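Colleague: sequence plus predicted model, see below.
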Amino acid sequence: MTEHEHREKSGGPSSTESWFRSDAPAERWLLSGYSRDSRERTILLELVVRVLFPTVIVFSLYLLFAGHSRSGGGFSGGLVAGQAFVLRYLAGGRLDDSSTFSMRPPVLIGVGLTIAVLMGFLPVLFGGLVLESGTFAFTAPLLGKIKIASNLFLDVGVYLLIIGVVLDLLRTLGSGVEADIAASGEERR
Amino acid sequence: MLALVVAHLLVSLVLPGLTGRHTRIAFGVAALPPAAALCWVLAHSRAVLSGAGPVEAVNWAGPLGLGFAFRLDALALVMTLLVSGIGVLVLLYAGWYFERGSGDARRSAPLLLAFAGVMLGLVLADDLLTLYVFWELTTICSFLLVGQSGVTRESRRSSLQALLVTALGGLVMLLGFIVLGEAGGSYRISELAENPPTGAPLSVAAGLILAGAFTKSAQLPFHNWLPAAMVAPTPISTYLHAASMVKAGVFLIARLAPVLAGVAFLPAVTAVFGIATMLVAGWRALRENDLKLLLAYGTVSQLGFMTVLAGSGSYTGSLAVAAMLLAHGTFKATLFLATGVVDHQAGTRDIRELSGVAGRLPWVTTVSVVAAMSMAGLPPMVGFVAKEAAFEAFLGGGWDVAVEVGLILGSMLTVAYSARMLWGAFAVKPGVRRNEADPAPAALWIPPAVTALGCLALGVGYPLTDALTSAYAGRIAGHEGEYHLGLWHGFNPPLAFSALTLLGGLALFALNTRLNRRRELLPAGMSAQHGYERVMGSLERVAVGVTGRIQVGSLPTYLAIILLTVLVVPGSVLLFRETPVENLRWWDRMLQLPLALVILIAAAGVARARRRMTAVLLVGVVGYGIGGMFVLGGGPDLALTQFLVETLTLVAFVLVLRRLPARFTETESSRGVRVPKVLLALGGGVFVGFASLIFSSARDTASEVSVQYLEHAEEGTSATNVVNAIIVDFRAFDTVGEISVLAVTATGVASLVLTARSSRRRRHARSRRDIAVTSPGTSSGERGSEVS
């Protein structure tokens, strides 16, 4: 690090620098910016999680939207997304310190539930019945015909709620138990 | 009408953003929706009085028969005038009463407005269930408004008492509503009034509904929550506990009077409870020294009066109760608001400490005198007009004589405590230091002045009052009566009774000081408050006893209870009923066999495992195996969910296992414990196995519902994945219910874990602090780690 700084000061942005460091991570290594104690740390897992996390999240979104016509749905999508966070926790630990995902799990659960319930009542405003669903189809350029069913939003609520539940699990049984172990270890010392 | 109610609630939702800095503006904004409601009602008043008020019904869940129904009729008109009219005044008054930016102000503005909204919904409701929903919402608003910040023990206890008593009555009332609705075939009040049910169901429903009305309107023996609720700030006491909410019980009896007309015991029951309440509370009011408590007992007493009238069912009685609702709303609001001004300016509302306030606050004194005259039933106030009608209603023979005597005695007490209130608040008393009181700002005395003007205007302009009330009375009795409200009916018995009441009341007031001395010598006797406390105490003891016996805190015991229940309840049916197992096949595909073998080996391994981690991993293998079975069986959605849930369960287990010992038991448990456990586990396993065999063989063709789902998924929900169509559309109601349960469970589990942790941490911190105290040398380092 110091060597690099030194070189930066003296030589400026040279061609060798870009050659050496072109693929070095410019931001924090894991999204939470926290890494485990060196005795518990596995770089391999961290690297895998770094690559895998966005992919898994995208896959979960695919499941959410695909649920209408193929396997998937809000519940399994939410579980997949939740397990992306589980992976991140296993690699980096201390999910609650994460600055990238600042919404607290209970809030996320509440938001999910609120969306689901509001979506249920929305048809009443248009003279429909509670939880009735409608379909809107339109043609978008490049994408072709797109069909959106209003009950998709109920699934979005379920999706968010499930992510919240998993995050809550990680917060209490994951980081919570970890902090407990740390505290009791301190006690013994 | 629903829009008006919703407008109240929406404005109250955005209000908290405003109350922090601009308290008075916030209260001004809060007064807008009730003002709009008032204007809307006044615009429709002509149509309403001719019997053609607007009706509105919104079916939000038609197939379930659930909907909101509203109707603006004569009674609703009278009540809306009170609810919205006094609501506007109280909200404006509250803006000046509360300190700017104080916590009470921030809480009260949105809550008061929300209360105005639900109260409006309550009085306009034409559907029993709509009425019930708004009824309970007023209870909740009252709980929050009485409790305020909940800092003092008194406010917590009072708000809880109000909540428990009125919610209990509300639940009993709901039972009555259901009996009534099911017996009458409709929950619409207007339809029930046309075809009321008869016989035993009607009597049962009437009894249950009366319980709700009596708790809400603070009738004996439930009356004590109302004086206790006086710990709330004065604007709240004015609005909820004098002018509007407590009238809901009387309103309910009046509203359902046409439906309950066939109940023989209704007039007798309301008369007995009403008169008892009127007398007991009036008597108590003569003893109280706190002006608000005095007025609160006065309210209870007047509510008893109105209960008697509402239950009478006669034309004149109905006329009197409608007039009395108006009269009581105006004079009690005036007196409460005036008391609030006295309290605000003089710093006390104790009769023994107030003296010479009349000279300091002349306007407040004037409006109070007007209102107290109305309360005592003096001409030309509306109170006099209403009381004349009430006396007229019970001029018949028989039991009416007893009721009339009760009313006269109760009214004497009313005159006496009205005089006591005026004397106590404003008179110069010998031996008491005169209070310093700054002149009240106009915004504080104008609202009571408006209501006091109402007392006078409704009395002098009695034709208007008559028009308002006779429309309601005509509907109850089914015909127009001969009696009309008025100030002068000639020399007749009611006038004599009024004079008698006045003289008796003044005599009682004159003798009151001496009476109070006597009263202190009397034994305490029965007290409703003690009764309430005793009931609550024994309830808590029973709860502790039951919980202590059922919740022993041992996981094996809970599991044993659950398994035993499963074995006994559905298990015994399996033994006694012949249940053939048909179409038994050993396998559908060859691949199922190795999968089943894996599951069996893993299951056997779980039973043999000594280490927790081994057991958990093997359970995971069983779960994945089942998922594989789903794949083979052709249920990809099911399999996907099974795999995901299994993974998550495994992770959760592993996370928890960090804190548990590696092995299940360090020492072998004794045979006496182990054998029953083994037997129970075997029994449970065998039962579940056989049950699933039987259930799966019982259905060899797709059920009717499944066929329907498969047929309608595409055109009904535009989903080609039927599983998802069921989740988000066909059974979406179930889904919402399930995710609610999930949310509650997750929050509950998280709270439990966090509570256990924080209490443990606190214990550590305390023990560490003790160490630090005994060895001061290391204290700074210890403290540092404690904070982290």
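Modeller: That came through fine.

Colleague: which element, helix or strand, includes residue A:138?
Modeller: For residue A:138, the host element (DSSP states H and E) is strand A:135-140.

Colleague: pull the residues that contact that strand.
Modeller: Contact with strand A:135-140 is made by A:145-150, B:718, as judged by CB atoms under 8 Å, 6 or more residues apart in numbering or on different chains. Quick note: C-beta positions are derived from backbone N, CA and C, even for glycine.

Colleague: now the two most distant members of these.
Modeller: A:145 and A:150 (17.3 Å; CB to CB).

Colleague: show me where pLDDT drops low in chain A?
Modeller: Residue ranges of chain A with pLDDT under 70: A:1-19, A:21-38, A:94-102, A:186-189.

Colleague: residue boundaries of the strands in chain A?
Modeller: For chain A, the strands defined by DSSP state E cover A:135-140, A:144-149.

Colleague: direction included, what does the first one pair up with?
Modeller: When you say that, I think you mean strand A:135-140. strand A:144-149 (antiparallel) (DSSP bridges).

Colleague: what's the offset of the partner strand from the middle of its chain?
Modeller: Between the centre of strand A:144-149 and the centre of its chain there are 26 Å (CA atoms, centre = their mean, to the nearest Å).

Colleague: pLDDT on the helix or strand hosting residue B:423, on average?
Modeller: Per DSSP H and E: residue B:423 is located in helix B:399-426. For helix B:399-426, the mean pLDDT works out to 92.

Colleague: pull the distance from it to the chain's centre.
Modeller: For helix B:399-426, the distance to the chain centre is 31 Å (CA atoms, centre = their mean).

Colleague: could you check the angle strand A:144-149 makes with the lengthiest helix in chain A?
Modeller: Longest helix in chain A, counting residues (DSSP state H): helix A:43-66. Interaxial angle, helix A:43-66 versus strand A:144-149 (axes from the mean of the first three to the mean of the last three CA atoms, to 10 degrees): 80 degrees.

Colleague: residues of helix A:43-66 that come out buried?
Modeller: Residues of helix A:43-66 classed as buried by neighbour count (16 or more other CB atoms under 10 Å in any protein chain shown): A:46, A:49-50, A:52-53, A:56-57, A:59-60, A:63-66.

Colleague: circling back to that earlier point, between residue A:145 and residue A:150, which one's more packed in?
Modeller: More crowded of residue A:145 and residue A:150, by other CB atoms under 10 Å in any protein chain shown: residue A:150, with 20 against 8.

Colleague: list the contacts of that one.
Modeller: Contacts of residue A:150 (CB under 8 Å, 6+ apart): A:119, A:122-123, A:133-136.

Colleague: mind redoing it with 10 Å?
Modeller: A:119, A:122-123, A:128, A:131-136, B:717-718, B:728-729 (CB atoms under 10 Å, 6 or more residues apart in numbering or on different chains).

Colleague: check residue B:621 too.
Modeller: B:598-599, B:601-603, B:605-606, B:646, B:650.

Colleague: please redo it, this time with the cut-off set to 8 Å
Modeller: B:598-599, B:602.

Colleague: drop anything exposed from those residues.
Modeller: For the contacts of residue B:621, buried by 16+ other CB under 10 Å: B:599, B:602.
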